[in-house]
Structures are given as C-alpha cells and as structure tokens.
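**Student:** give me the fold of what follows.
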Amino acid sequence: MRSFLIPLAILGLPLAEIAGFVVVGREIGLLMTLLLVLASAFVGVILLRVQGFTVIRRMQDAARNGSDPGREVLGGALLFVAAILLVVPGFVSDVIGLLLFLPFVRNAVAGFLRKRMTIVTAASSAGWTRPREPGPSPRVIDLEDGEFSRTDDEDPPQVGDRRRP
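**Tutor:** The predicted structure is shown next:
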C-alpha cells in the first residue's frame, strides 16, 4: 500500500499545484498571482530566520541543561521543511508550509514521526543525563615535561603499538 502512495504523491502534488495556479490566477489575475507567490517565498525566508534562531537557542538550552535535545532537533527539521515548502512556488505547498509553522500542528507531526523513527543524540546515548563536570576526560593522560620526550626523526607510535620510545 505504501509503495502506491509515494508515486501518487509525486505525481499528484505538481498537478494540484498547477490546478491551484489556474484557479487563483483566474480569480485574482496573473500579476497578483505572481506577487502572491513571491510574497510567500519572502515570508518563508523571514519565518525560517526568526523561528530558526529560536529553535537553535532551545537546542542549546537543552544541551546545556543536560536534557535530550531530540525534540528540538525534530522541530527544527520540520521548520526547515515548512520554510522550503513556502519558498517553493505553489499554493498547496504554501498551505502545508504555513500549517507546519503553527506549533500545535508541528508538535502533532513531530509526535507522529517520533513514533515511527528513532532519534539518537549524544545526550540520549550511554545513559548520560546530566551536564558533564569540567575536567579531564578519563582518556587523557597528563604528563609533566620530564616524563615525555620525542625526537623528530622517529615515527610516532601507532594505536595498538606496544613499543616504547
């Protein structure tokens, strides 16, 4: 059933856009139709900029607080799709794009997608649930000046190499 819906959407959306252009052009005229398409592209760019900075700030806050930023990442991706749909000429895509800019519609679509996909972030893996304390990583070896020496003509040891300089 899914394999039937994808080609139908790929063929149906351009036909719906053409029909939308014909209907709107007949009602308001060619010049106004073109101005409306340009205005929707301009609105899409402006909304992407304003909403995009808000989403980036929320992702940074979530990462800073140690919570999982997966929700904000998905919301940001949906905002990007909404802006692209507004920039693409056509009235059907504009309506879908404007609907995706509404928070409750975006949250509903994100919930639908979240049930069908897995979002893995650094905060959601390995049980890391709180911000890391500053300090050296467990893999860092801190050596004093007298504990390490190297000459330039020597090849550096490779990973897994057990020889010592």
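
**Student:** could you measure from Gly12 over to Gly20?
**Tutor:** Distance of Gly12 to Gly20, computed by Cβ to Cβ, to the nearest Å: 12 Å. All C-beta spots, glycine's among them, are computed from the backbone N, C-alpha and C.

**Student:** looking only at neighbour counts, state which of the two leads.
**Tutor:** Gly20 (17 against 12; other Cβ atoms under 10 Å).

**Student:** surely the more buried one touches Phe91?
**Tutor:** Yes - judged on Cβ atoms under 8 Å, Gly20 makes contact with Phe91 at a distance of 3.8 Å.

**Student:** so how far is the longest helix anywhere in the chain off the chain centroid?
**Tutor:** Ranked by residue count, the top helix of the chain under DSSP state H comes out as helix 30-65. Relative to its parent chain, helix 30-65 has a centroid offset of 13 Å by Cα atoms, centre = their mean, to the nearest Å.

**Student:** next, the buried residues of it.
**Tutor:** Within helix 30-65, the residues scored as buried using 16 or more other Cβ atoms under 10 Å are 33, 36-37, 40-41, 43-44, 47-48, 51, 55, 58-59, 62-63.

**Student:** mind giving me the packing neighbours of that helix?
**Tutor:** helix 2-28, helix 70-87, helix 91-101 (3 or more Cβ pairs under 8 Å, 6 or more residues apart in numbering; DSSP states H and E).

**Student:** which residues touch the residue located most distally from the centre of the chain?
**Tutor:** Computed with Cα atoms, centre = their mean, the residue of the chain farthest from its C-alpha average is Gly146, at 48.3 Å. By Cβ atoms under 8 Å, 6 or more residues apart in numbering, the contact set of Gly146 is empty.
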